[in-house]
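Asks: Sequence and computational prediction follow.
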Amino acid sequence: MCRLFPLFAFVFTTLWMTSVATSADDSATQATQQRRVPNAERLSELLKRFPDADTNKDGTLSEQEARDYRAKMTERRPRQNQANRVPPTHRDVSYGDHSRNVLDFYQAQSDRPTPLIVYIHGGGFVGGDKRSVSPQMVRAANEAGISVAALHYRFVDGTEVLFPTPQHDCARALQFLRSKADAWNIDPKRVACYGGSAGAGISMWLGFHDDLADPNSKDPIARQSTRVVAIGTMGGQGTYDPIKIKKLVGGRAWEHPSIFLVYGNHTVEETLNPTAEKQKLYDEASAITHLTKDDPPLYMIYSEPDVVPPEDSRPGQFIHHPNFGKQLQQAMDQLGIKNVYVHTSTAGKRNPQSEMLDFFRDAFAKVVD
């Protein structure tokens, strides 16, 4: 997968959203200080890093120019990758009521029901696109007789759309896909999911969370299972609890703008000193909180440097730190759950994405009919 444009768009999105975040001096001898990043300061920082965003070349960056450039970079990779993409069998199929409750389905040709791999895109819960699904993964899966789906879900906005809305959207998509088992030749017992960053966190949440199926619902889709038999992640976070991230990773990863946005937090004080109700939401939104011994195996890929983040790192930097994977590996080892941790710096000639597909195929083969 080409990483340049998704990373570029993600960095721009992260900086653009800093108006909802706060930063703090968190030294051991000083009380926590609060401040919002002023608009002018935020736009000035964006202009330094992305001068092409100043479309009228007047030397200043307006809010509208920032929005337009963010949208352009978010969409650029899917367009650049147009020639390599596999056309979906079914495109933009609605699985819910919201405009972003849509999915693409890539059907494998088979005389028998096919296993299914579900891709969930990343983007800090504020951006991203289902078209970022790897064409290589789609082709390899289809050639192996495995169908693929790629999802959109609602973005958080810090007010009306908060956690766990994206998670529940994707759970609904899984249920919808299972409801199409006969029409789309899907084996509902053999479903795996994977994604990067936010998509990794959602994939783990789906994998570890108790089944959300409601057998008594009047809605036949809601009666379907949300469980999967395997999970794949790239740069995944097992927890979205900022207090735990601060302890696990260090530096300022916990100050990622999205960590504030997903909970509707506005200050460092309320983020690090949550009410009992807010702490309950931190726990509910974090995949590792739901981990039990009957959960599916996990294949993890990490690429960020395995270092101690410096105190002067940027807010949100190292939010994909390998410590997330090590924490998950330790917890899963203790429960006897199969897991694979791969850091790209030591992968050598290995192809982690190909290995992930093999990991899914192995899990599918172990399902008893």
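Replies: Received it, and whenever you're ready, just let me know what you need. On a predicted model such as this, the values are computed, not experimentally measured, just so you know.

Asks: alpha carbons only for contacts and neighbour counts from here, please
Replies: Will do.

Asks: quick one: contacts for T292?
Replies: Neighbouring residues of T292 by C-alpha atoms under 8 Å, 6 or more residues apart in numbering: 208, 335.

Asks: And for S203?
Replies: The contact partners of S203, by C-alpha under 8 Å, 6+ apart, come to 120, 193-195, 231-233.

Asks: in the stretch 251-369 of the chain, which ranges drop under the pLDDT threshold?
Replies: Residues of the stretch 251-369 of the chain meeting the criterion pLDDT under 70: none.

Asks: All the helices of it, residue numbers only.
Replies: All helices of the stretch 251-369 of the chain, identified by DSSP state H, counting those that start in this stretch, fall at 257-261, 268-272, 276-285, 322-335, 352-365.

Asks: which strands and helices sit next to the last one?
Replies: The criterion is 3 or more C-alpha pairs under 8 Å, 6 or more residues apart in numbering; DSSP states H and E, and the helices and strands that helix 352-365 contacts are helix 135-143, strand 186-196, strand 230-234, strand 298-302.

Asks: What residues sit buried inside the next helix or strand after the longest one?
Replies: From strand 186-196 onward toward the C-terminus, using DSSP states H and E, the following helix or strand is helix 198-208. Within helix 198-208, the residues that qualify as buried are 198-208, counting by 16 or more other C-alpha atoms under 10 Å.

Asks: Same list, those, but as CSV with pLDDT and distance to S147 please.
Replies: Rendered in CSV, the data for these read as follows (pLDDT from 0 to 100; distance: C-alpha to C-alpha, whole Å):
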residue, pLDDT, distance to S147
A198, 98, 22
G199, 98, 19
A200, 98, 19
G201, 98, 22
I202, 98, 20
S203, 98, 17
M204, 98, 20
W205, 98, 22
L206, 98, 19
G207, 98, 19
F208, 98, 23
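
Asks: Dump those into CSV; add distance to D58 as well.
Replies: Below are these laid out as CSV (distance: C-alpha to C-alpha, whole Å):
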residue, distance to D58
A198, 35
G199, 38
A200, 40
G201, 40
I202, 41
S203, 44
M204, 45
W205, 46
L206, 47
G207, 49
F208, 51
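
Asks: Let me know the closest of those to F176.
Replies: Taking C-alpha to C-alpha as the measure, L206 is the one of these closest to F176, at 14.3 Å.

Asks: Any figure for the gap between the closest one and L103?
Replies: Counting by C-alpha to C-alpha, to the nearest Å, the gap from L206 to L103 is 17 Å.

Asks: returning to that earlier point: from the buried residues of helix 198-208, which is closest to G348?
Replies: Nearest to G348 among these: A200, at 23.0 Å, using C-alpha to C-alpha.

Asks: Contacts made by stretch 273-287 with the rest, please.
Replies: Outside stretch 273-287, the residues within contact range by C-alpha under 8 Å, 6+ apart are 163-164, 201-202, 204-206, 208-209, 238-241, 263, 289-290.

Asks: Look at K218 and say how many residues are nearby.
Replies: A total of 9 residues lie near K218 under the criterion other C-alpha atoms under 10 Å.
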